[in-house]
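Undergrad: Make a model of this:
(chains A and B)
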Amino acid sequence: MTTGPVTTSYAVVGKSVARKGLLEKLTGEARYTSDMKLEGMLHGRIVRSPHPHAEVLSVDTSRAAALPGVRALVTPFDAPQGHIAADLPVLDSRVRFVGDEVAAVAADDADIAAAALDLIRVEYRPLPHVVDAEEALQPAAPQLYPDGNLATGRPLLLERGDVEQGFAEADLVVEDVFRTPGHSPSPLEPRAALAFWEDGQLIVWKCTRGVHQDRAALASALEIDPENIRVVGPPLGAGYGAKDETRLAALAAVLAQRAGRPVRIELGRDEEFLAGRVRHAAVLRMKVGLKSDGTVTAVDCNAVLDTGAYLASGPGVLRRTAQAGLYLYTCPNVRYEGRLAYTNRPAAGSYRGLGAPQGHFALESLIDRAAGQLGIDPLDIRLRHHVRPEGQPGKRTTPPGEIIDTQPVEGGIPFSSHGLEECLRRGAGAIAWRANRRLPNSSPGAKKRGIGMSMLIYRGGPGGQSSAQIRLNRDGKIELVSGIMDVGEGASTALAQMAAESLGGAYEDVVPVFADTATTPRAPNTAGSTATFSTGTAIVQAGSEIRERLLQAASLAMDVPVEALDIRHGMAYLEADPLRNMTLAEILQSAGLDSMYAEATIVPGSPDHIVNTFGAHFAEVEVDTDTGRIRVLRYVAAHDSGRIINPNLAINQVEGGISQMLGFTLSEDLLSDGPTGVTLNPSFLEHKSPTIMDYPEMRVIFADVVDPIAPLGAKALGEPPCVGVAPAIANAVYNAIGVRFNTLPITPDRVLDALRKQREAV
Amino acid sequence: MNNPTANLRDIELRVNGRVHQLTVAHHRTLLEVLRDSLDLTGAKSGCDRGECGACTVIVGGQAVYACQMLALQVGNRPVVTVEGLANADGYHPLQDAFLARDGGQCGFCTPGFLMAAKALLDRNLEPDRDEVRRALAGNICRCNAYGAITQSVLAAARAMVARGQTQ
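TA: Presented below is the predicted three-dimensional model:
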């Protein structure tokens, strides 16, 4: 149910207004966590394990403690015994990857802290290690945990229908194994946390994507009442899902308590590569059965994901890997079996898209291959067999009245809105698909061109329970208060636009007050592309309430019926004669009010529909068969994300996701040396993240869809652009040179190797 | 430890048009002095090894990685940081353009990009798109807002030419 102004033309939503908070970043005034300083602040550093797996037998800090300027130390043997997460104490006497935290020190300045690190003597007993997920699941593998290396002890099994029956009905069965890298999100801002104690209260400023979740983790770790902890999220230099850990803040808090002074820990770039969250490297065995007309009769996927040394958000990623196979094509018979393997590598986490890029790479590459074998154009097979607005065949299993999961397995439920066909058609038109298709490997010359495509499905926005508070003040300013964290993606902008729109205020008057456990209500993590939908729904409800009251007050003051009035851009006016108007401040004054306040807490979602977003991606590549280099020349991304709140921001989001995933597809991996477990390439230069020289000519298309469930019609957009990139490019490479790459990244040496084999096979 | 005072040097730094008398340890980088001694935190530390450009400032008219230059090396060359872009007349056209065209997402790379772009426009007010990209190739944006950044710089250049503004 959409609430909000009953008007077909919006005042603020749909406009490319300036991003909130950007001006301060353009002037250098914005203070990120590592820009913050306090009187007497100490600098913290962390001792990290050089071993991939070891018992910590002892930590001798005596020489470090004797160094002038060293103010506090913490080791596994004297740390608080609480837990940040079930498998993560504040410090552990067992370390599980090269770079794992062992101890921490705080000193008067960064130089002394660095010198102190060298003076801390750790005695380790090295243990056998494993850095490959499939190896880790073998019975003889070194075990990271008493219950073994299979996280949660059992695989995730999801089914609909009967895949064996489906394969029996198929005219063609194709299967293949796909491998994707555990690359690093490496946001440009390294993680930092600043902690201090005041009157028995702990105050923490930290890189965060959810201040309330972080507070709960700190309370558990330090074994204190969450009421005695305040967590604040300063502007964030992005995370892409990588900044959801809390151990840094816990260590800073312990050191600050011991020293009696504030402690700031900020990581170096090498530490971010060594010990930051990575994407789950995946091995996917995908099998698809099809009729000769391309109808999909069965999809079976078996996935093994490398979750690294700790569980983190592994279960969510494992689940999301499944969704492409379960839901993208109309199919009565689907099955997914997924396993998370612990390995002695950095913990994997929620890197943008979670497991969807992995799952879509496997499925969309395999469908492309099947289409080729059936003699069906890849666009046509998708146009004919993509999941329809009425959803998957089958029977609904969610009880009536209960909110539908945005990642369902069950059939029998329609989507709330569905723009996938529009995305396919308009995207294909924009890249001139029919005109540019050629036979694989048919270009003359050394530089060969080809085009390829993919489509995608993703959660549409409903997340956890969300709240918002709006206060319109006498001076006309509109305080928008929410616990949600703007992680740099623009939540504060989109939500401010929705607040202004629903209330009738001016966008410039909205002041977002976000991400402070002391002053903002509980909100979910900014994750899973849910902020706009979930917090937005609460905002529209609260804003609409204030709008009603403003209209009533204006109607009284102007002595006209409410129905004759409209409110836009901070002014209530008579529709028949707009020169008769009152500003919001004047309305408050006329009513003798200091302010108007409304709050809303909602649980987002629908009991009758699946809220999902969709997309179709198209790539034109050029492969230089002499050097193996792949250039992406043109890229078209068509997305159904419902109503687009801010076109500039949305285009930036989509283009950014595409460019970011060029790394996943063509260049990035975090390499672990087998014998030593050491990360071989912990730097930007060696990890090979995309630069400004790499992005292709991009065209972004938004489907003309307004979702009836979503607040002001807007669905998720943060992650979907990341999901279709790898298969679109890989399929284009196949079209260019006739080689299928099932392993990412598709680096030049892999291309040259494949071309050599192709020549030898002739 | 060595005698800490033996490592100290008195230097004079010209930053954003102001002269600062400072005493710094000889191994301090320009980035550290800007951020810690002068509280100019616009330039960021993204990698501290000259691979990301988040610390880009202008020294003697050249875009440099402040993390790769010792404070002692600056001498009397004027230093310009992002805090020195705006002046009494208002924001720099680059700042206006980035705001209007959404040239930043999380904003962490933005000061570095602004200074690299300013160094380009200070010597070439009519770059084409390839020249812009090459001039900014030493700056990483992990949000990958490269398209919006490039458009913003081109728009700023056009605005400056239209106004007859050279700096």
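Undergrad: Surely residue A:166 is within a helix?
TA: Yes - counting by DSSP: H, G, I helix; E, B strand; the rest coil, residue A:166 is found in a helix.
Undergrad: Report how many residues lie close to it.
TA: By the measure other C-beta atoms under 10 Å in any protein chain shown, the count of residues near residue A:166 is 23. From N, CA and C alone the C-beta is placed, and that goes for glycine too.
Undergrad: What is the burial count for the residue nearest to it when sequence neighbours are not counted?
TA: Computed as C-beta to C-beta, 6 or more residues apart in numbering or on different chains, the closest residue to residue A:166 that is not its neighbour in sequence is residue A:298, at 2.7 Å. Neighbours of residue A:298 under the rule other C-beta under 10 Å: 24.
Undergrad: ok, now residue A:476?
TA: Neighbours of residue A:476 (other C-beta under 10 Å): 17.
Undergrad: which one's the longest helix in chain B?
TA: In chain B, taking DSSP state H as the definition, the longest helix is helix B:146-163.
Undergrad: low-scoring stretches of chain A, by residue?
TA: For chain A, the stretches flagged by pLDDT under 70 are A:1-8.
Undergrad: Contact residues of the stretch 101-250 of chain A facing chain B?
TA: Applying C-beta under 8 Å from any C-beta of the partner chain, one finds that the stretch 101-250 of chain A approaches chain B through A:111, A:115, A:185-190, A:235-238, A:240.
Undergrad: Tell me which two of these sit farthest apart.
TA: A:115 and A:240 (33.7 Å; C-beta to C-beta).
Undergrad: who has more neighbours, the two?
TA: Higher neighbour count among residue A:115 and residue A:240: residue A:240, with 29 against 18, using other C-beta under 10 Å.
Undergrad: Would you mind pulling the contact partners of stretch A:506-517?
TA: A:12, A:15, A:17, A:20-21, A:208, A:211-212, A:215, A:229-233, A:476-486, A:491-492, A:495-497, A:499-500, A:519-520, A:569-570, A:584 (C-beta atoms under 8 Å, 6 or more residues apart in numbering or on different chains).
Undergrad: Distance to residue A:729 and secondary structure for the residues of the stretch 101-250 of chain A next to chain B - can I get that in CSV?
TA: As requested, those are exported to CSV (distance: C-beta to C-beta, whole Å; DSSP: H, G, I helix; E, B strand; the rest coil):
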residue, distance to residue A:729, secondary structure
A:111, 46, helix
A:115, 47, helix
A:185, 19, coil
A:186, 21, coil
A:187, 23, coil
A:188, 24, coil
A:189, 28, coil
A:190, 30, coil
A:235, 33, coil
A:236, 29, coil
A:237, 28, coil
A:238, 23, coil
A:240, 19, coil
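Undergrad: Looking at these, which is nearest residue A:105?
TA: Within the set of these, residue A:115 lies nearest residue A:105; the separation is 9.7 Å, counting by C-beta to C-beta.
Undergrad: The closest one against residue A:67, yeah?
TA: Yes - taking contacts as C-beta atoms under 8 Å, residue A:115 lies within contact range of residue A:67: 6.4 Å.
Undergrad: Tell me which residues touch residue 104, please.
TA: Because you didn't say which chain, this covers chain A. The contact partners of residue A:104, by C-beta under 8 Å, 6+ apart, come to A:44-47, A:73-74, A:91, A:251, A:254-255, A:265.
Undergrad: meant chain B actually
TA: A:19, A:22, A:25-26, B:98, B:110, B:113, B:145, B:148-149.
Undergrad: ok, now with 7 Å
TA: Counting by C-beta atoms under 7 Å, 6 or more residues apart in numbering or on different chains, residue B:104 makes contact with A:22, A:25, B:98, B:110, B:145.
Undergrad: Of those, which pair is most distant in space?
TA: A:25 and B:145 (11.9 Å).
Undergrad: Which residue comes closest to residue A:253 once chain neighbours are left out?
TA: Nearest one to residue A:253, counting by C-beta to C-beta, 6+ apart, is residue A:195 at 4.3 Å.
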